Structures are given as structure tokens and as C-alpha cells.
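# Could you work out the structure for the sequence below:
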Amino acid sequence: MLWGQLPVWYLSLSLARYLFKAGRGLRVARGRRVYDLPESRLRRPLAGLQMAFITAALAPVTPFPVVRLVAAVVLAPSLALFLRDYLAVTGRWHKNKP
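Got it, this is the predicted structure:
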């Protein structure tokens, strides 16, 4: 962000992790049930995609308009996965639920 190579809204990925953990912690503190995080074939590949994207985005030859467009494309699935996982640990999203 400080180097001007990543859009500020890309920080929402970092924020999503802390919101997930805070939301889960609040449920525990309130005595509400917290389910196990479901297995996912997407978590690791998406994390790898984020690392590859950041590496490319910070390369001095990558123009900012390209970075901004690709950032939106790689960010959306990761944020969606955080939301799905939160819904799963709160019991609102289960694969085997009728």
C-alpha cells in the first residue's frame, strides 16, 4: 500500500481474518456453539494464489491499473471463502444440512 502498488481495499483480506477470529471468539465468550471449520480444497490454493499475486504486484514492472484489476479478481474468492467458513463455524452453513 505504501509503495503505491496495491489498492488500499486489498487490506480487506487481512481484515477478514481478524473479523473471522473475533466473531468466532465472541461466540465462544457468549457461550454459543462453535462448529469445527470444515475441510476445504480451496484454502491452500487460494493462499498460494494470494502470495503469487502479491509477488507479481510488487514487481516494479507491473502497472497499477493491471494490479488493481487482478487484485479484485483474486480477492473475491478469498473473501467469499472467509464468509462461507464463518457461516460454517456458526452453524449456518453445513454441507450435510437438510
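# what is the mean pLDDT for the lengthiest helix in the chain?
What stands out as the longest helix in the chain, according to DSSP state H, is helix 64-89. Averaging pLDDT along helix 64-89 yields 94.
# Show me what that helix packs onto, helices and strands only.
Applying 3 or more C-beta pairs under 8 Å, 6 or more residues apart in numbering; DSSP states H and E, one finds that helix 64-89 contacts helix 12-29, helix 43-57. For the C-beta atoms, the positions are set from N, CA and C on the backbone; glycine is no exception.
# now the angle from the longest one to helix 64-89?
Which is helix 12-29. 10 degrees (axes from the mean of the first three to the mean of the last three C-alpha atoms, to 10 degrees).
# what does the average pLDDT come to for helix 12-29?
Mean predicted confidence for helix 12-29 is 95.
# What would it look like as PDB? C-alpha coordinates only.
Once non-C-alpha atoms are left out, helix 12-29 reads as follows in PDB (Å, rounded to 0.1, in the frame of the first residue of the first chain):
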ATOM      1  CA  SER A  12      -9.800  -6.200   3.400                       C
ATOM      2  CA  LEU A  13      -8.200  -9.700   3.100                       C
ATOM      3  CA  SER A  14      -6.200  -9.100   6.200                       C
ATOM      4  CA  LEU A  15      -9.200  -7.600   8.000                       C
ATOM      5  CA  ALA A  16     -11.300 -10.600   7.100                       C
ATOM      6  CA  ARG A  17      -9.000 -12.900   9.100                       C
ATOM      7  CA  TYR A  18      -9.300 -10.800  12.200                       C
ATOM      8  CA  LEU A  19     -13.000 -10.400  11.800                       C
ATOM      9  CA  PHE A  20     -13.400 -14.200  11.500                       C
ATOM     10  CA  LYS A  21     -11.300 -14.800  14.600                       C
ATOM     11  CA  ALA A  22     -13.100 -12.100  16.500                       C
ATOM     12  CA  GLY A  23     -16.500 -13.300  15.500                       C
ATOM     13  CA  ARG A  24     -15.600 -16.800  16.500                       C
ATOM     14  CA  GLY A  25     -14.200 -15.700  19.800                       C
ATOM     15  CA  LEU A  26     -17.300 -13.700  20.600                       C
ATOM     16  CA  ARG A  27     -19.400 -16.700  20.100                       C
ATOM     17  CA  VAL A  28     -17.200 -18.700  22.500                       C
ATOM     18  CA  ALA A  29     -17.300 -15.900  25.000                       C
END
